[in-house]
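Student: how would this look folded up:
(chains A and B)
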2 protein chains.
Amino acid sequence: MFALQKPHRTRILAAILFVFALLSARAQSDPLPSWNNTAPRQTIINFVQRVTRHGSPDFVPADQRIATFDNDGTLWVEKPLPVQLVFLIDRVHQLAPKHPAWKTTQPFKGVLEGDARAVAATGEKGVMQLMGATHTGMTVDEFQKIVSDWIATAQHPRFKRTYTQCVYQPMLELLAYLRANGFKTYIVSGGGIEFMRPWTERVYGVPPEQVVGSSAKTKFEIVNGQPVLMRLPELNFIDDKDGKPVGINQYIGRRPIAAFGNSDGDQQMLEYTAAGPGPRLALLVHHTDAVREYAYDRQDKLARLDKALDEAHAKGWIVVDMKNDWKTIFPPQH
Amino acid sequence: MFALQKPHRTRILAAILFVFALLSARAQSDPLPSWNNTAPRQTIINFVQRVTRHGSPDFVPADQRIATFDNDGTLWVEKPLPVQLVFLIDRVHQLAPKHPAWKTTQPFKGVLEGDARAVAATGEKGVMQLMGATHTGMTVDEFQKIVSDWIATAQHPRFKRTYTQCVYQPMLELLAYLRANGFKTYIVSGGGIEFMRPWTERVYGVPPEQVVGSSAKTKFEIVNGQPVLMRLPELNFIDDKDGKPVGINQYIGRRPIAAFGNSDGDQQMLEYTAAGPGPRLALLVHHTDAVREYAYDRQDKLARLDKALDEAHAKGWIVVDMKNDWKTIFPPQH
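Tutor: Numbering: from 1, shown residues only, chains lettered A, B, ... in the order given. Prediction:
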């Protein structure tokens, strides 16, 4: 049996421990391990270092480090359909037995038969009918319970994992990295605010009060002696396009210094953010990876990235090329 | 000349230092020094201890420790007129030279002549005209500058100090005490959200994103190549009465566990807060001190405290008797 002399063994053990310590230190020091070391990663880290270094001319006090993130297509998957639309379709099927007339009435008939063209033909009025029937008429607490139950089990048709596992690992790291550097991270989404709030804290580390989104009107009522908020079939606010800077001002009351999006719906949020004084970060996620996720941009109907892409190139905003800039797409499944 | 022996001197010095240390420790350990040791102070401290003690059956995780405060009459003076109304009147006088027609047109004529009855006769429409003319038609940034300039110098007619010095010292201590115990403190006021945001962080330690209030609609526009938010002469939201729970849900997305008000406009906020599960704190400031501040309640026209006072007595909400429960009203002048 081969045996090293004791002094040798000790020295080798020390060397091994040293190498492990080095590797571990390196892993700890890389805040964005799922990002390739390409321009986007470097620009992000450079920006964060500039605004957080005391005495730097670009230093930004912590309370002004506001970062806003679009949700659909920026933090989680939005193909083949936006997740909230899948939820809406599931709800129509669930509720249909109680509404026999839906079998013969648009837009419900179209949803039940999977006839997208028939639904589209009902236009904005049809959308409002579908939203009203599936998203309102209950208390805020009841709706949050419905969302929580659905999101716990509904699976993505291609990736065979729940939707909250179809979030982008590089963006989770970015959220955490910004927060570790004193940023307050917000979601500013065209999606429904009460559709996101039940799970954003667990999934993104973003608490309900840092979620901005589209909303229905609510009404304070006393029901059986209990004060509740009823969700009304009436639009309150659309947090998309021009609405995003409006929503940001309404909810946050400060201009962000960093904003992240992926479609023309985020263009005004990025313009508003980038136009403030001092250092600014504006970033678009460009879906270029049909193999690991999806590839879509200028021709897409629901999430077009066209004018914002031109503006990004013209103004030097960061454009993440998903295929080349991200090492991994989704978090490890658990 | 009388002189102590050196050992005596040392001992006396030590004793004096010891007494000072004791006094100082006591001062530090009293989080609410401007509150008399009456029931309200005891109930508040007891509540905070219950919800923050780990292992207590009443323990509330820090992220759920949401406390909401009305502003006018709860955190600062609202007599002889609500501060924002004084601002509005000052703005009408300032702008009048540019609007010669105001001299002969209501409600402006009434404001310029101090004829409250004539203004009141123009009703809601008149109020909207006055708000439109004085609070809108500029960018959000421009309006915040106007407010900041005004609030820096405008003085209270009786107390001869700026309005931001006419805040209640006991409530400043309460805000700080709650925050020191992990609470997130919010303002939920019927007043204008953009009228408060420019100064609430400096005065109350409440940042812009934790201010909920009434608002005008805004519109995203590109002006001279710069993206700005224009304030429109159109009402967006009234954050009063039934609107307070609605505003709380819209902005915060969680039910507070503590709420503080002083009038019937706060009744629904207190009901909504008190009705949640677990320990709850609901408090009304009752203005009973005509000598040091003002005395008003059931008969007041602008800030009536009537139904909410009855409900407070019926449900055991805390009612602060300003005269008996507060040692001091305003902070030391600086």
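Student: hmm, residue A:99 is touching residue A:112, no?
Tutor: No - Residue A:99 lies out of contact with residue A:112 (CB atoms under 8 Å); the separation is 10.0 Å. Where C-beta positions appear, they are placed from N, C-alpha and C, glycine not excepted.
Student: so which elements touch the helix or strand encompassing residue A:232?
Tutor: Using DSSP states H and E, the element containing residue A:232 is strand A:226-237. In terms of contacts (3 or more CB pairs under 8 Å, 6 or more residues apart in numbering or on different chains; DSSP states H and E), strand A:226-237 is packed against helix A:123-135, helix A:140-153, strand A:211-223, helix A:243-251, helix B:243-251, helix B:267-274.
Student: picking up where we left off before, among residue A:99 and residue A:112, which residue is more densely surrounded?
Tutor: residue A:112 (15 against 12; other CB atoms under 10 Å in any protein chain shown).
Student: so which residues make contact with the strand or helix carrying that one?
Tutor: Secondary structure assignment for residue A:112, by DSSP H and E: helix A:108-113. For helix A:108-113, the surrounding residues in contact (CB atoms under 8 Å, 6 or more residues apart in numbering or on different chains) are A:88-89, A:92-93, A:96, A:99, A:101-103, A:115-119, A:121-122, A:129-130, A:133.
Student: now do stretch A:164-183: distance to the chain's middle.
Tutor: Averaging C-alpha positions (CA atoms, centre = their mean, to the nearest Å) puts stretch A:164-183 10 Å from its chain's average.
Student: meant to ask about stretch A:304-321, not that
Tutor: 18 Å.
Student: start and end of that stretch, how far apart?
Tutor: Its start and end residues considered, stretch A:304-321 measures 16 Å (CA to CA, to the nearest Å).
Student: buried sites along that stretch?
Tutor: A:304, A:305, A:308, A:309, A:311, A:312, A:317, A:318, A:319, A:320, A:321 (16 or more other CB atoms under 10 Å in any protein chain shown).
Student: secondary structure class for the fourth one?
Tutor: Translated: residue A:309. The assignment at residue A:309 comes out as helix when based on DSSP: H, G, I helix; E, B strand; the rest coil.
Student: got the contact list for the closest residue to residue A:244 other than its chain neighbours?
Tutor: Distance criterion CB to CB, 6 or more residues apart in numbering or on different chains; nearest residue to residue A:244, sequence neighbours excluded, is residue A:269 at 3.8 Å. With contact set as CB under 8 Å, 6+ apart, residue A:269 has these partners: A:68, A:70, A:188, A:244, A:245, A:248, A:256, A:259, A:261.
Student: turn the helices and strands packed on strand A:226-237 into TSV, including distance to residue B:223 and mean pLDDT.
Tutor: Below are the helices and strands packed on strand A:226-237 laid out as TSV (distance: least, CB to CB, whole Å; pLDDT from 0 to 100):
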stretch	distance to residue B:223	mean pLDDT
helix A:123-135	29	96
helix A:140-153	37	98
strand A:211-223	24	97
helix A:243-251	13	98
helix B:243-251	28	98
helix B:267-274	37	98
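Student: next, give phi and psi for the most centrally placed residue in chain A.
Tutor: Closest residue to the average C-alpha location of chain A: residue A:71 at 2.4 Å, with CA atoms, centre = their mean. Backbone geometry at residue A:71, expressed as degrees, to the nearest 10, gives phi -100, psi -70.
Student: distance of it from chain B?
Tutor: 15 Å (CB to the nearest CB, to the nearest Å).
Student: for the residue nearest to that residue when sequence neighbours are not counted, pull up the helix or strand it's in.
Tutor: Leaving aside its sequence neighbours, residue A:71 sits nearest to residue A:189 (CB to CB, 6+ apart; 3.8 Å). Residue A:189 belongs to strand A:184-192 when assigned by DSSP H and E.
Student: who does the strand or helix carrying residue A:320 pair up with?
Tutor: Using DSSP H and E, residue A:320 sits in strand A:318-321. Applying DSSP bridges, strand A:318-321 is found paired with strand A:281-288 (parallel).
Student: what number of residues lie near residue A:251?
Tutor: Neighbour count for residue A:251, taken as other CB under 10 Å: 25.
Student: which residues sit in contact with it?
Tutor: Contacts of residue A:251 by CB under 8 Å, 6+ apart are A:186, A:212, B:209, B:251.
Student: same check, this time on residue A:201
Tutor: A:207, A:208, B:63.
Student: leaving out the residues flanking it, which one is nearest to the second one?
Tutor: Taking CB to CB, 6+ apart, and ignoring the residues beside it in sequence, residue A:208 has residue B:253 as its nearest neighbour in space, at 3.3 Å.
Student: next one: the last one
Tutor: Closest residue to residue B:63 in three dimensions, ignoring its sequence neighbours and counting by CB to CB, 6+ apart: residue A:207, at 6.0 Å.
Student: tell me the contacts of that neighbour?
Tutor: A:200, A:201, B:63.
Student: ok, residue A:192 next?
Tutor: A:84, A:135, A:213, A:214, A:215, A:216.
Student: got the confidence number for it?
Tutor: Note for residue A:192: predicted pLDDT of 98.
Student: okay, and the beta partners of it?
Tutor: Following DSSP bridges, residue A:192 is listed with bridge partners residue A:214.
Student: and chain A, which residues reach chain B?
Tutor: A:63, A:66, A:140, A:184, A:193-194, A:197, A:201, A:207-209, A:211, A:215, A:218-220, A:222, A:226-227, A:229, A:236, A:242-243, A:245-246, A:249-254, A:268, A:271-272, A:275 (CB under 8 Å from any CB of the partner chain).
Student: perfect, I'm done here.
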